[in-house]
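Student: Any chance you could fold what I've pasted below:
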Amino acid sequence: MDELETLDDLRARHGPIFRRGPGVLYVSEPAEAKAVLANTGSRYREHSDFFQTSKGVLGPRSTQQEIGRVARTLLRDHWVARSDRLAAIVERGIGPDSRWPDAGNLLLYTCFRDVLAPEGELRGLVDQVVRHAVLAGARDRRSVLSRAVLRRRVRRGLVVELSRRRTRGVRTPRDLLDVLAAAAPEGTVPAQLAEVYLSFLFAVTGSTGFLLGWSVYLLGTEPGAGGDLAGVVREALRLWPVAWNFGRFPAEPHRLAGTEVTTSDEVVVCGYLVHRDSRFWPDPTAFRPDRWSGGLPPGAAEAYIPFGWGAHTCVAAGFAMTVVEDVLRLLPPFERWRVEAHRHRPHVAAALAPPDFTLRTNGARESGRR
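Tutor: Model prediction:
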């Protein structure tokens, strides 16, 4: 029994709120999950899934919002500016036979590389991070020692570059390092900015790449599913949310739906389980993009948290879905796909990545679903 099957079994036996070993409480009751993520009543320590660093949360909140706004604008402008070249980039990156989910991650890194990594030695290090830390299962293919060495080299390079840019000053951000150097509050340790930069890198190339991979995988294995591309992406996020666990630490003892919670506990909101609650999602384990065809399904208002909930909801959620839809439109129609799965269960880690599979396509690239 793998991790997801274990959680399914625990929920079936104990209900939507259950303990997973000493000190770990899982929450999949939608209302309680949202209350935890929104930190209703300030019962949890300040936390951000994106701006969390080893030295605490980078902030204040206004700084986080400004970084998110400028970074999102930079990425969107870059994406739009490359729209006339996107078809060629996709064709080169995918080809008639491609190995996934790596192909999706590397494609998005190629698309955004100019605003993710500056030219020179640091870009080479960032390339290595993507290949040896972002790709699904990549960490298992390298020794602990080699990963530690790469991590030190990358962080040292980022700290040096960020320090240089803060000293020089930034007027108009050209890449994400500029965004961080310009927006960071006075006194921020460059090492913190380096950690946040890596969060950006993982979000753009890892999380969004995995969403693309899930969309391709599900379309290829469920060719009879209805719905348009927007529904495909939203349903992929429902069925297999890439960000599937959100951990929070209580600031004070309290009761959560009748369960005692102490300051020694970790409370884990499990989006994977929230999205499969049959009270809100008919046929919850089925891939049904058509459930989104009439607008927001009833279940989405109650039990849909693919990007978190509350003040720290991912600010680039809409943009990430747009990127995936744009790439899907440039692939051959899904009727010409053949997906050959090399494993049948997801890669389960901090992000929920699709199984390894090969995508074989034929025919000219043209719009598939609309």
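Student: count of neighbours near Gly187?
Tutor: Burial of Gly187 is recorded as 5 neighbouring residues (other CB atoms under 10 Å). The C-beta positions use only the backbone N, C-alpha and C, and glycine is treated the same way.
Student: Surely Ser163 touches Pro190?
Tutor: Yes. In this structure, Ser163 is within contact of Pro190 by CB atoms under 8 Å, at 5.0 Å.
Student: Between those two, tell me which one has more neighbours.
Tutor: Using other CB under 10 Å as the criterion, Ser163 and Pro190 rank with Pro190 on top: 20 against 15.
Student: if I look at that one, how far off is Glu335?
Tutor: Applying CB to CB, to the nearest Å, the value for Pro190 to Glu335 is 51 Å.
Student: now do Val115
Tutor: Separation of Val115 from Glu335 (CB to CB): 35 Å.
Student: ok, now Gly310?
Tutor: In terms of CB to CB, Gly310 sits 41 Å off from Glu335.
Student: Following the least confident helix or strand in the chain by mean pLDDT in sequence, what is the next regular element?
Tutor: Lowest mean confidence among the helices and strands of the chain (mean pLDDT, DSSP states H and E): strand 56-57, at a mean of 88. The C-terminal neighbour of strand 56-57 among helices and strands, as given by DSSP states H and E, is helix 61-81.
Student: Just the CA coordinates for whichever helix or strand comes after that next one, please, in CSV.
Tutor: Counting by DSSP H and E, the next helix or strand C-terminal to helix 61-81 is helix 86-94. Listed next in CSV are the C-alpha coordinates belonging to helix 86-94 (Å, rounded to 0.1, in the frame of the first residue of the first chain):
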residue,chain,number,x,y,z
LEU,A,86,5.9,29.2,-28.6
ALA,A,87,4.8,26.7,-31.2
ALA,A,88,8.4,26.1,-32.3
ILE,A,89,9.6,25.8,-28.7
VAL,A,90,6.9,23.2,-27.9
GLU,A,91,7.7,21.2,-31.1
ARG,A,92,11.4,21.1,-30.2
GLY,A,93,10.7,20.3,-26.6
ILE,A,94,8.1,17.6,-27.1
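Student: quick one on the thing from earlier: who has more neighbours, Gly310 and Glu335?
Tutor: Under the neighbour definition other CB under 10 Å, Gly310 and Glu335 were set side by side, and Gly310 has more, 13 against 10.
Student: With adjacent residues omitted, what lies nearest to that one?
Tutor: Leaving aside its sequence neighbours, Gly310 sits nearest to Ala38 (CB to CB, 6 or more residues apart in numbering; 3.3 Å).
Student: Would you mind measuring from that neighbour to Gln65?
Tutor: If you go by CB to CB, the gap between Ala38 and Gln65 works out to 16 Å.
Student: in this structure, which ranges drop under the pLDDT threshold?
Tutor: 363-370 (pLDDT under 70).
Student: ok, 80 please
Tutor: Low-confidence segments of the chain (pLDDT under 80): 1, 139-142, 223-224, 226-227, 315, 334-335, 343, 362-370.
Student: Give me the three-state assignment for the most centrally placed residue in it.
Tutor: Nearest residue to the geometric centre of the chain (CA atoms, centre = their mean): Ser207, 2.9 Å. Recorded secondary structure, Ser207: helix (DSSP: H, G, I helix; E, B strand; the rest coil).
Student: so who does the residue nearest to it when sequence neighbours are not counted touch?
Tutor: The shortest distance from Ser207 to any non-neighbouring residue, by CB to CB, 6+ apart, is to Val242 (4.8 Å). Going by CB atoms under 8 Å, 6 or more residues apart in numbering, Val242 touches 207, 210-211, 214, 306, 351-353.
Student: Confirm that Val242 sits in a strand.
Tutor: No. Applying three-state DSSP, one finds Val242 to be coil, outside a strand.
Student: Please report the distance of it from Arg345.
Tutor: 15 Å.
Student: quick one, strands of the chain?
Tutor: Shown for the chain, the strands assigned by DSSP state E span residues 17-19, 24-27, 52-53, 56-57, 97-100, 245-248, 254-256, 259-261, 266-270, 338-341, 347-348, 352-353, 357-360.
Student: Out of those, which one sits most buried?
Tutor: Ranked by mean neighbour count, the strands of the chain are led by strand 352-353 with a mean of 26 (mean count of other CB atoms under 10 Å).
Student: Which other helices and strands does it contact?
Tutor: For strand 352-353, the packing partners by 3 or more CB pairs under 8 Å, 6 or more residues apart in numbering; DSSP states H and E come out as helix 208-221.
Student: For the helix it packs on, buried residues please.
Tutor: Burial within helix 208-221, assessed by neighbour count using 16 or more other CB atoms under 10 Å, is assigned to 208-220.
Student: and it, how far out from the chain's middle?
Tutor: In terms of CA atoms, centre = their mean, to the nearest Å, the centre of helix 208-221 is set 13 Å apart from its chain centre.
Student: Please point out which parts of stretch 75-85 sit buried.
Tutor: 75, 78-79.
Student: Without its sequence neighbours, what residue ends up closest to Asp178?
Tutor: In space, Asp178 is closest to Val170, 4.8 Å off (CB to CB, 6+ apart).
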